[in-house]
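**Q** can you look at this prediction? I've put the sequence above it.
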Protein chains: 4
Amino acid sequence: MYECDKPHEECGVFGVWSESDINAAHSIYYGLMALQHRGQESAGIVVCDTTGPIGNICSHKGMGLVSEVFHDDKLDSMRGNIGIGHVRYSTEGASSLENAQPVFLNYLKGTLALAHNGNISNSKEIKDKLHREGAVFAGNSDSEVIAYRIAKERLETNSIEEAVINVAGELLGGYALCIMSPQKLIGVRDPWGLKPLCLGKKGDTYFLASESAAIHSVDGELIRDIAPGEIVSISKEGVRSQIGITKDNKAHCIFEYIYFARLDSKIDGINVYDARINGGKALARRYPVEADVVTGVPESGLTAAVGYAEESGIPYLPAFNKNGYVGRTFIKPNQSERVSSVHIKLSVLESVVKGKRVVLIDDSIVRGTTIAKLIKMMRKAGATEVHVRISSPPFLFPCYYGTDISNNAELIANEFTVEEIRDNIGADSLGYMDLEDLKEMTGDLPICRACFNGDYPMLVRKD
Amino acid sequence: MYECDKPHEECGVFGVWSESDINAAHSIYYGLMALQHRGQESAGIVVCDTTGPIGNICSHKGMGLVSEVFHDDKLDSMRGNIGIGHVRYSTEGASSLENAQPVFLNYLKGTLALAHNGNISNSKEIKDKLHREGAVFAGNSDSEVIAYRIAKERLETNSIEEAVINVAGELLGGYALCIMSPQKLIGVRDPWGLKPLCLGKKGDTYFLASESAAIHSVDGELIRDIAPGEIVSISKEGVRSQIGITKDNKAHCIFEYIYFARLDSKIDGINVYDARINGGKALARRYPVEADVVTGVPESGLTAAVGYAEESGIPYLPAFNKNGYVGRTFIKPNQSERVSSVHIKLSVLESVVKGKRVVLIDDSIVRGTTIAKLIKMMRKAGATEVHVRISSPPFLFPCYYGTDISNNAELIANEFTVEEIRDNIGADSLGYMDLEDLKEMTGDLPICRACFNGDYPMLVRKD
Amino acid sequence: MYECDKPHEECGVFGVWSESDINAAHSIYYGLMALQHRGQESAGIVVCDTTGPIGNICSHKGMGLVSEVFHDDKLDSMRGNIGIGHVRYSTEGASSLENAQPVFLNYLKGTLALAHNGNISNSKEIKDKLHREGAVFAGNSDSEVIAYRIAKERLETNSIEEAVINVAGELLGGYALCIMSPQKLIGVRDPWGLKPLCLGKKGDTYFLASESAAIHSVDGELIRDIAPGEIVSISKEGVRSQIGITKDNKAHCIFEYIYFARLDSKIDGINVYDARINGGKALARRYPVEADVVTGVPESGLTAAVGYAEESGIPYLPAFNKNGYVGRTFIKPNQSERVSSVHIKLSVLESVVKGKRVVLIDDSIVRGTTIAKLIKMMRKAGATEVHVRISSPPFLFPCYYGTDISNNAELIANEFTVEEIRDNIGADSLGYMDLEDLKEMTGDLPICRACFNGDYPMLVRKD
Amino acid sequence: MYECDKPHEECGVFGVWSESDINAAHSIYYGLMALQHRGQESAGIVVCDTTGPIGNICSHKGMGLVSEVFHDDKLDSMRGNIGIGHVRYSTEGASSLENAQPVFLNYLKGTLALAHNGNISNSKEIKDKLHREGAVFAGNSDSEVIAYRIAKERLETNSIEEAVINVAGELLGGYALCIMSPQKLIGVRDPWGLKPLCLGKKGDTYFLASESAAIHSVDGELIRDIAPGEIVSISKEGVRSQIGITKDNKAHCIFEYIYFARLDSKIDGINVYDARINGGKALARRYPVEADVVTGVPESGLTAAVGYAEESGIPYLPAFNKNGYVGRTFIKPNQSERVSSVHIKLSVLESVVKGKRVVLIDDSIVRGTTIAKLIKMMRKAGATEVHVRISSPPFLFPCYYGTDISNNAELIANEFTVEEIRDNIGADSLGYMDLEDLKEMTGDLPICRACFNGDYPMLVRKD
């Protein structure tokens, strides 16, 4: 329901490096499960055994959730003490196994595996150039282009790190990469800091992950975020780091805090939970209203609702029952049945809303169909007023850096005024987060707000 | 996690009757999805087309969730305007397709399909008697015995209703039955009222369901609960009802309110949500404590936590992030990985508990391993004190009426004092719901509290 | 191709009894594989472990070939030293798992498993009577009715053997039964001898099988055929036998010799191979022709062709290449492709037929479409003449005893003269086996020729 | 059985080119089914729609038989009027989906798909060179190397044909290639003529195939064989041909005639059937014997047996019954069951061999275990003498050109004398085809006999 009526993150990446004879695939499995919210289309793991004389490599990818792609026997059979993994959500092209990651290549210097979160807006230009130089590809994803480009560059340079830095300098867009090459684990983050990536540790094992929650899920500790433009290389020589590329205008994606990231992650020094609580508080100050209860749309609106409640003094109460068994494969009701998918997933608790004036918080409005149904359900359950507060500003511009805001959204905020939207969804009042108030969520952190105000951190791709 | 460390309900039933040419299977599908929490082992639907000259019958059962067993084509192919469905959780014997319900039989009077929630404690005696009379069975479930017994009785009586009443009079235990025979839909509830069953309507379509939430999920309205010992028969003659068997000691299962039923159901006149809120309030009065925040174990402890917060004035805050993608099939971590299943499903929000004195509410303690891990996680996240409150009294006696309290639980409350349990789980204080306070949840409704005090409403089965 | 343009046998049965701790399921698996030609729709095995104190029973059935239904793990897990198995081809009703055999029941005297080859023409009458007596069934096959009737009868008799004889006396039609009850293995054959059943041995292990080839496949030796109306019971007391029912008019199915049975089986004292060779010789005497080469349609026409060649002195040569990889699941060509299924399975060897006068032998003509295509292919490959000889008389009457002649065949021989059929299929000459010549195949053995002359051995079922 | 005790061909290729809007995938499906005997491990099809403005490409590959990999929906969804297909048997490395063909690439000049039958003995050297030049590969098969090499060469040449010729000039070994690039269909054959490839036509549609039988299976006509070293290119300009590379020593693989190819194929002007008949005749002249019946091991020995019979005047009779349902997945009997896999697939017809002196023909002896079992079975069935004749000379040298003679065979002929082998297998006499007599099979056609005499047509690979 809400899942398909929301902007989507494209991917999550996870990497493990250890000198001991651990089963890296198991750690990656749990790391990817903790990142599953970032992509449910496909999952993959590549590991390498560096404890023996030959670095034997093992790879497995498949369509579906991590728990569907990897079964016990498969995981046990993947021997290797270092490795990388990937979960994918796709906005472009048909979803298919051939596009599942990590990408894997072999060339003169050996093997290269790469997992990529983000979107490269100049990948077509790079691929065309490579084609002209004689490149031959087996697939057609952005990620294969990056991996190929790095492999080629490696032939001209003295180290894989140097090759990665050179290639990163050519890339436009947002990206976080985990690379296994073949005995090293390398992490890279785009110079604007659009996509998150962090470093963790447990004993002598190192982790790279899109979010700190994934590091905690394997009992590791967050060491720090990778800096924008930084490349870290983990090998027997330890953890080496350098800033490969520098950009003056840092631009961390604000939607990680509003919706994408897990509530228990800490990204670039800021707790996602705190950011959402503070967003709710800002909403309460900007759009106060007399009401009896504050509630949120599960799960994404709940935390901002708690913040709104705290600031306003109106009590917070969960007002929905969520059916946790409704997964991706359930059969959607047809028209004649007058039963909506929303209703099958969520129902309103009459005791909470009956005779009450309700403040209902959600994180965004894409097409508005879901929120309209929820408001109707609330009124049917006896709510006397329903005031909607949205913990993000309206989407007005497409995102080119790895979310599907441009695709999924029909950007209704461009077509209608706030008052028209309020009328459409049937709310008594409607308030969107003010662009200025975003700083309440993330403080001094430089953020990308391009989807709200069109202020892109780099040259926009024109299709 | 919690799911496997909790008492379990054994089943959910759903029935549809319509004179129009509707696709009953679709309604049953959504009804069963709303009852999925009552059993995830197998699912089944039987429908009958009574609009044509011959009552054509179609049946499908399978292992797994409703959404796994029924795909679009299958559902569309199941033509019929009346039908019954079943979801199952099994405590006895191996789980297998042969034990999936509804049971289906054919005999002199035509066909009989039956879906059963509950447990018949004298089924072995009944089966032995039938065997001596020459009965031949294809399987070996309680439910087949009931269906067989009804079919045999039907040969001696003037109506299916009379047969059902006669058989019900022989049964000991808790049960709610949905029967299709073959043009009628019949519902029966045990005379003590142990198992819930209610009647609903939408236009000229009638529903029977274990819980009112299932009726709401198909856009129907709850008419009323079926009374203990009542039999309702829905046919072209309308809805006919009679009390088949009367027992003086009504005994509604208290665990429907504490844990089993959905938060948005209303059972025997009482909102499950209200009962849990009131349970939390009673806990707050009985075991007050100085604290900074009240929270609950998702999902089952959250509502009592809200009640505790309301009564105590301490703010309620969700303190856990739940990974909604962790399903039944994920690979459990092995010992060497020092990662617990609990930790993969739930993580503590540091911002909520750091430096705080926390009241943590859950609905029950079975083995105590889960709550112990959660307390540890809370302390690691910075909680200075963790006070545990349980919204049910300690389990001291096995249940014979269709939950698995006797099996799953090792009934640690029999082996340890409350102080010892507190020490085991590492809480700063521990308070169980007082037996006397249960009436705060359900008011004057006569309830079965046998699992707490051994006061069984009928003769106990001795194995 | 030919397979779906031929009469079909309905089933094959196999039983094993041993006092030693053997894995009976393995033997049944190979026995059923040797009987696979008798039914490819479903397969099933039931075994019982009689070596321990409790006779533990294990059952598995599934749709498809024996090698598809049973995998290694499954077979290994089926512990038991006695058991029965079944392969099924169905002519009546939809093919479904519920109709797969063996049938399994439990009742006062324990358990009963039954595998059945044949067709009971009065099963409806028996079932109606049982229904009136109060019987309750889980499915609706003939075989369940027989099993149920035996279980009921067992309650009134002193032994299972007595019960089986009493029930056999009520059955009309052709049948061969393998029964496991529960420590004995029992075989029964209809009193006319329509369906084959034989007894074999290897060390201290006994076998029952539809054909001797199945006994040889498990390295056993054929002891003898079960006599018409005989019941054999194998237990710790050894092999006991009695004639349960006697009929004067024995009537062994002639189609076992013409087409159904395996070439290497010996049924009722006659080698199937010899019968076919002799059939071919009779055809050569009855319908001689001047020709250069004799050939047969694979596989069913090859042996009669060898016989025709021997008698006529014209050399026999295989003239077709058969694609052994074309199974049940291949995609049939559509019209526009002008490629026929026949052509994909069979192709003509030009070197054999070019410029030659060919005698082409097949065992029967049902609709005639296949033979017409083969004749066309032969002419395209250069045959100057194609003379067709059929090693059975024309079908003129339906079969009620367990083949699908009445269903599959449109009995074209009733609608057209031999000359018209010859013209339709495009042959230069056509000769059917003469009714009188059938005795050349089976000597003095009394045979059922009802499908050719309407002379049924018992009262005909009228639907 | 025999299948795994025989030399194996590695692959079959098939190509279709049409200007009309046909569904090429359907034709390729039937073409591959006709070539299924050349490889059962994996199957794949790539098609291109050249009727629209953009040449849309569709690809599907999978493990298993053609009929398992391609289902109806899949085939219908593969739109395209030209395409290539492949069936594979692998001798080197683990069999896996990643090695399934056709190989597909994209590069500056567009796309390239390639299907390959054969073995390139210098592929490692070519790959190493490409790696040093900076090549990046996604997999590690010979075929990917060839495709990659052609794509690179295409950048330096004026046409794809020129590129193919240049690359072919570098390749050592036997190969037949089908290439789709992207609007042309190109066929190439190694300059020695080791691997077969032929051209066919039906209306305005052209075919390339490993064997003429595949062209006949889609109702096409064989035009001619592709000549050794020839490249044919089919496009809107029609069929263009040139000899790319010339070698003086042509060397057609003799095993296509002895065993690999279908009986109804014509390769390099010689009917496979005729070659086998003549081989049998040569055997009869070289090793005459007094006997009563000549027979062959199904299927591969049957035709030589017919030839032996014709020459010797001893009658030919099929002496085995073959169980056509025993596929790749059946469970092999374990030792304790004393049942052999051979026995489950084949049984001896007693009527044919009892009291007879038998001549038994097979095409080759690899390990000798199968023929030994068959001889034993013959004697058990009553044969008084068994004289074995083998329609090929003994294997003494490994094959480097795409069969698995070097791998599968332990080349027992190197370790034992003919007399010792005769004794081992238990035959009364044993005669191998004489090296000199091979010319009886193939006349003046220059053949490769390296596996018999070590006379390799090109430099031998040394591993």
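**A** Yep, it's here. Residues are numbered from 1 along each chain as shown, chains lettered A, B, ... in the order given.

**Q** the stretch 301-450 of chain A: helices as residue ranges?
**A** Taking DSSP state H, counting those that start in this stretch as the criterion, the stretch 301-450 of chain A carries its helices at A:302-312, A:341-345, A:350-353, A:369-380, A:405-408, A:412-415, A:418-425, A:438-442, A:450-453.

**Q** low-confidence ranges in the stretch 51-200 of chain A?
**A** A:53-54, A:90-96 (pLDDT under 70).

**Q** quick one: name the residues of it near chain D.
**A** Contact residues, the stretch 51-200 of chain A versus chain D (Cβ under 8 Å from any Cβ of the partner chain): A:104-108, A:131-132, A:134-140, A:148, A:151-152, A:155. For the C-beta atoms, the positions are set from N, CA and C on the backbone; glycine is no exception.

**Q** hmm, try it at 10 Å
**A** Residues of the stretch 51-200 of chain A lying close to chain D (Cβ under 10 Å from any Cβ of the partner chain) are A:59, A:97-98, A:103-110, A:112, A:127-128, A:130-140, A:144, A:147-156.

**Q** hmm, which of those are the buried ones?
**A** A:59, A:98, A:103-108, A:110, A:112, A:127, A:130-131, A:134-139, A:144, A:147-155 (16 or more other Cβ atoms under 10 Å in any protein chain shown).

**Q** one step back: which ones among the residues of the stretch 51-200 of chain A next to chain D lie within helices?
**A** A:127-128, A:130-132, A:144, A:147-154 (DSSP state H).

**Q** in stretch A:55-72, which residues are buried?
**A** A:55, A:57-61, A:63, A:65-67, A:69-70.

**Q** confirm A:Gly31 sits in a helix?
**A** Yes: the assignment for A:Gly31 (DSSP: H, G, I helix; E, B strand; the rest coil) places it in a helix.

**Q** now the farthest one out in chain A, which residue is it?
**A** A:Gly355 (38.6 Å; Cα atoms, centre = their mean).

**Q** scan chain A for its longest helix.
**A** Per DSSP H, chain A has its longest helix at helix A:272-286.

**Q** enumerate the residues of the stretch 301-450 of chain A near chain B.
**A** A:302-303, A:306, A:309-310, A:315-318, A:320-334, A:336-340, A:343-352, A:381.

**Q** for these, which ChimeraX command selects only the ones that are buried?
**A** Only the buried entries of those go into this ChimeraX selection, using 16+ other Cβ under 10 Å:
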select /A:302,303,306,309,310,315,316,317,318,320,321,322,323,325,326,330,331,333,339,340,343,344,345,346,347,348,349,350,351,352,381
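
**Q** pop the domain breakdown of chain A in here.
**A** Chain A breaks down by automatic domain parsing into domains covering A:2-250, A:275-446.

**Q** the first one near chain C at all?
**A** No: for a cut-off given as Cβ under 10 Å from any Cβ, domain A:2-250 has no contacts with chain C; the smallest distance is 13.0 Å.

**Q** please see if the longest strand seen in chain A touches chain B.
**A** Counting by DSSP state E, the longest strand found in chain A is strand A:110-120. No: on the criterion Cβ under 10 Å from any Cβ, strand A:110-120 is out of touch with chain B, staying 17.4 Å away.

**Q** pairing partners for that strand, with directions?
**A** strand A:103-107 (antiparallel), strand A:173-180 (antiparallel) (DSSP bridges).

**Q** with distance to D:Lys250 as added columns, please give these in JSON lines.
**A** Output for the strands paired with strand A:110-120, formatted as JSON lines (distance: least, Cβ to Cβ, whole Å):
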{"stretch": "strand A:103-107", "distance to D:Lys250": "37"}
{"stretch": "strand A:173-180", "distance to D:Lys250": "49"}
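
**Q** do you know how far A:Tyr148 is from chain C?
**A** According to Cβ to the nearest Cβ, to the nearest Å, A:Tyr148 and chain C sit 38 Å apart.

**Q** which residues does the residue lying closest to that residue once chain neighbours are set aside contact?
**A** For A:Tyr148, ignoring the flanking residues on the chain, the nearest one in space by Cβ to Cβ, 6 or more residues apart in numbering or on different chains is D:Val136 at 5.4 Å. If a contact means Cβ atoms under 10 Å, 6 or more residues apart in numbering or on different chains, then D:Val136 has A:105-108, A:112, A:130, A:135-138, A:144, A:147-152, A:154-155, D:130, D:148 as its contacts.

**Q** beta partners of D:Val136?
**A** Residues in beta-bridge contact with D:Val136 (DSSP bridges): A:Tyr107.

**Q** A:His131 versus that one, what's the distance?
**A** For D:Val136, the distance to A:His131 equals 13 Å [Cβ to Cβ, to the nearest Å].

**Q** need the residues touching each of these two.
**A** Common neighbours of D:Val136 and A:His131 (Cβ under 10 Å, 6+ apart) are A:Phe137.

**Q** for chain C, what is the nearest residue in chain A?
**A** Per Cβ to the nearest Cβ, A:Asp73 is where chain A lies closest to chain C, at 13.0 Å.

**Q** quick check: that residue is in a helix.
**A** Yes: under three-state DSSP, A:Asp73 falls within a helix.

**Q** how many neighbours does it have?
**A** By other Cβ atoms under 10 Å in any protein chain shown, 9 other residues sit near A:Asp73.

**Q** who's in contact with it?
**A** Contacts of A:Asp73 (Cβ under 10 Å, 6+ apart): B:Ile331.

**Q** likewise for the one 5 residues further on?
**A** Contacts here follow Cβ under 10 Å, 6+ apart; on that basis A:Met78 touches A:23-26, A:28-29, A:45-47, A:49, A:57-60, A:70.

**Q** how about 7 Å then?
**A** Taking Cβ atoms under 7 Å, 6 or more residues apart in numbering or on different chains, we find A:Met78 in contact with A:25, A:45, A:47, A:58, A:60.
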